[in-house]
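Chemist: Need a 3D model of the following:
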Amino acid sequence: MLRRLPPQWILMAPGALIMLFFFILPVGQLLLFSFFRSTPDGMMEKAFVFDQYMTFFKDPHYLKILGRTLVLGITISFISLILGYCLAYGVARSNPKRKYLLLLLIALPLLTSAVIRNFGWIVILGRKGLLNQLFLNIGLIDKPLDLLYTSTGVVIAMVHVLLPFMVLVLYSVLEGMDRNLESAAANMGASPAKVFWFVTLPLSLPGIVAGTLLVFSISISFYITPALIGGPRVQVMATEIYNQTIHSMNWPYASALAVILLVTVFVITNLYNRALRRSTSQGAGIL
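Modeler: So this is what the prediction gives:
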């Protein structure tokens, strides 16, 4: 029987089974729970109602939480892209002897627990933390800045956590790029800025797409950093799902929030891919 199956199906079987048991079935169960009713004693009652979704879309508070989550994800992705592209470009164009050391330094934070790094940012961003003390000593500010338990602090800590992912994705694309194309453009009279804009940047577009989607998907579903750095002032979808599950024991509503977040990510990523493909095809037609 196995001999009759195409080789690609045999190779895909382990990964497909993992996706089925650890992603598709749990998401399907969440979708089913989102239509149940919650009882006052914290239990679920089997039903097929849209009460949880109606509660979400009728309450401006939860819509604001969703909007804040998306804004934070877009902001973190954009900052990570700018910083990560510069860093990845510098590493890809560096001396081969230094390249592996730089890659090790970039990947080194991934070996440290995210909880430990976030507690470090609590010390740095506090009103008496390292950053405020530095600004006060050099005279940039007259009084300590409120960085902890704010959206700004969450963005700073999240960029620090997710920047290595962006750099490694962009580096793999920039490193595999054919440098002869850049040399040919320079030999034809293009300035370094034009070489980058018309050759390097378009060729690195797959890495930009993959890196931004990866960082965006992780950032809007991240729990540890918003919970520790943002606290109760900065509520996002992940922290609200945790509160509904653990504190309120409202599993149907928490399931509905998870489904809404998943669908939102799916829609945004598809629109993002389509927009980039359309702009790329139009740019190729112009050139």
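Chemist: and residue 169, what is it in contact with?
Modeler: Residue 169 makes contact with 207, 210, 211, 214 under the criterion Cβ atoms under 8 Å, 6 or more residues apart in numbering. In short, each C-beta sits where N, CA and C put it, glycine included.
Chemist: cool, residue 151 as well?
Modeler: Contact criterion Cβ under 8 Å, 6+ apart gives 68, 72, 230, 234 as the residues in contact with residue 151.
Chemist: can I get those in TSV with distance to residue 197?
Modeler: Formatted as TSV, the entries for those read as follows, by distance: Cβ to Cβ, whole Å:
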residue	distance to residue 197
68	34
72	29
230	37
234	37
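Chemist: about what we covered before: Serialize the contacts of residue 169 to JSON lines and add fields for distance to residue 270, pLDDT and secondary structure.
Modeler: Below are the contacts of residue 169 laid out as JSON lines (distance: Cβ to Cβ, whole Å; pLDDT from 0 to 100; DSSP: H, G, I helix; E, B strand; the rest coil):
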{"residue": "207", "distance to residue 270": "19", "pLDDT": "89", "secondary structure": "helix"}
{"residue": "210", "distance to residue 270": "15", "pLDDT": "88", "secondary structure": "helix"}
{"residue": "211", "distance to residue 270": "17", "pLDDT": "92", "secondary structure": "helix"}
{"residue": "214", "distance to residue 270": "15", "pLDDT": "91", "secondary structure": "helix"}
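Chemist: Can you tell me which of the residues you listed has the most neighbours?
Modeler: Of the contacts of residue 169, residue 211 is surrounded by the most neighbours, 27 neighbours in total, counting by other Cβ atoms under 10 Å.
Chemist: And that residue, how close does it get to residue 103?
Modeler: Taking Cβ to Cβ, to the nearest Å as the measure, residue 211 and residue 103 are separated by 15 Å.
Chemist: got it, and residue 171?
Modeler: When distance is defined by Cβ to Cβ, residue 171 is 7 Å away from residue 103.
Chemist: So, low pLDDT: which residues of this structure?
Modeler: Applying pLDDT under 70 to the chain picks out residues 1-3, 5, 42, 279-287.
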